[in-house]
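Engineer: sequence-free structure coming up:
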């Protein structure tokens, strides 16, 4: 049964980390309803997040090679204005700074305010609903006509600040950064791709920090960790490829309605449990 639950947890993490529906909202319900608690929940969460990082590497390894090459080329000959790969590399660095700084210096404050105590689940439900309403609004007012080549410094800062807001559970990192990109006039699929690329340094950094906090690993649960990792990786790859294709022709409305429905379910759960 533990293996089945580990697979389900991985599937949920991988899919909802990239679809703009909030992984925390789904995992709250999963743990509450199924009662699945790994002996070291921090370790299990780290492994699932590393699984989603692996999914991004699978989906964007070609882009990453170009971006890394562009970064090193910029150190030799600065040509950010003309070279898209150079500019994208520095846009990702700049956009990573807000969430990295806020996460590093205010992790304890954010945890105490939003992740601990009886209000944590309520925060998830509220943010699910609020961001859903922003989906509807941005679909109505955003221009949605700019490409990756048109990204500028201000775009990166705005999307980076949005990624910092995603530290509040229930927000959805992909959701809030996609609508931030749309607010800046990016096409949906362009905003989504930049959102995924931008998340990689944060996921890697947070995972590395968490790994350093782990004191020991129960050798008897390594197979469970591996199952969760593979499950999150596979579902993550599917979710990324699906979303990028879906957003080429469809709006965020279906995800907004889904988030509202999930918020209602969580509120009902809180009332009736």
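Structural biologist: Thanks, I have it. Quick caveat: nothing in here was measured; it's all calculated off a predicted structure. Residues are numbered from 1 along each chain as shown.

Engineer: Quick one: distance of the longest helix seen in the chain to the chain centre.
Structural biologist: Counting by DSSP state H, the longest helix found in the chain is helix 41-76. Relative to its chain's centre, helix 41-76 lies at 13 Å (CA atoms, centre = their mean, to the nearest Å).

Engineer: Likewise for stretch 202-209?
Structural biologist: Centre to centre, stretch against its chain (CA atoms, centre = their mean), the figure for stretch 202-209 is 12 Å.

Engineer: likewise stretch 230-242?
Structural biologist: Per CA atoms, centre = their mean, the centroid offset for stretch 230-242 relative to its chain is 13 Å.

Engineer: swap in stretch 262-273?
Structural biologist: The answer for stretch 262-273 is 24 Å, by CA atoms, centre = their mean.

Engineer: Could you do stretch 163-174 as well?
Structural biologist: 7 Å.

Engineer: likewise stretch 180-195?
Structural biologist: Distance of stretch 180-195 from the chain centroid (CA atoms, centre = their mean) equals 14 Å.

Engineer: got the buried residues for it?
Structural biologist: 180-184, 186-195 (16 or more other CB atoms under 10 Å). C-beta: built from backbone N, CA, C; applies to glycine.

Engineer: mind checking the SS state of residue 6?
Structural biologist: Under DSSP: H, G, I helix; E, B strand; the rest coil, residue 6 falls in the helix class.

Engineer: actually residue 81, not the one I typed
Structural biologist: For residue 81, the secondary structure call by three-state DSSP comes out as coil.

Engineer: For residue 94, which non-adjacent residue is spatially closest?
Structural biologist: residue 156 (4.5 Å; CB to CB, 6 or more residues apart in numbering).

Engineer: picking that back up, which ones among the buried residues of stretch 180-195 map onto helices?
Structural biologist: 180, 181, 182, 183, 188, 189, 190, 191, 192, 193, 194, 195.

Engineer: Redo the residues you listed as CSV? Include pLDDT and distance to residue 136.
Structural biologist: CSV is the format used below for these (pLDDT from 0 to 100; distance: CB to CB, whole Å):
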residue, pLDDT, distance to residue 136
180, 97, 15
181, 96, 16
182, 96, 12
183, 96, 13
188, 96, 14
189, 95, 19
190, 95, 20
191, 96, 16
192, 96, 17
193, 96, 22
194, 96, 22
195, 96, 19
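
Engineer: returning to what we had before: next, count neighbours for the residue nearest to residue 94.
Structural biologist: Residue 156: 25 surrounding residues under other CB atoms under 10 Å.
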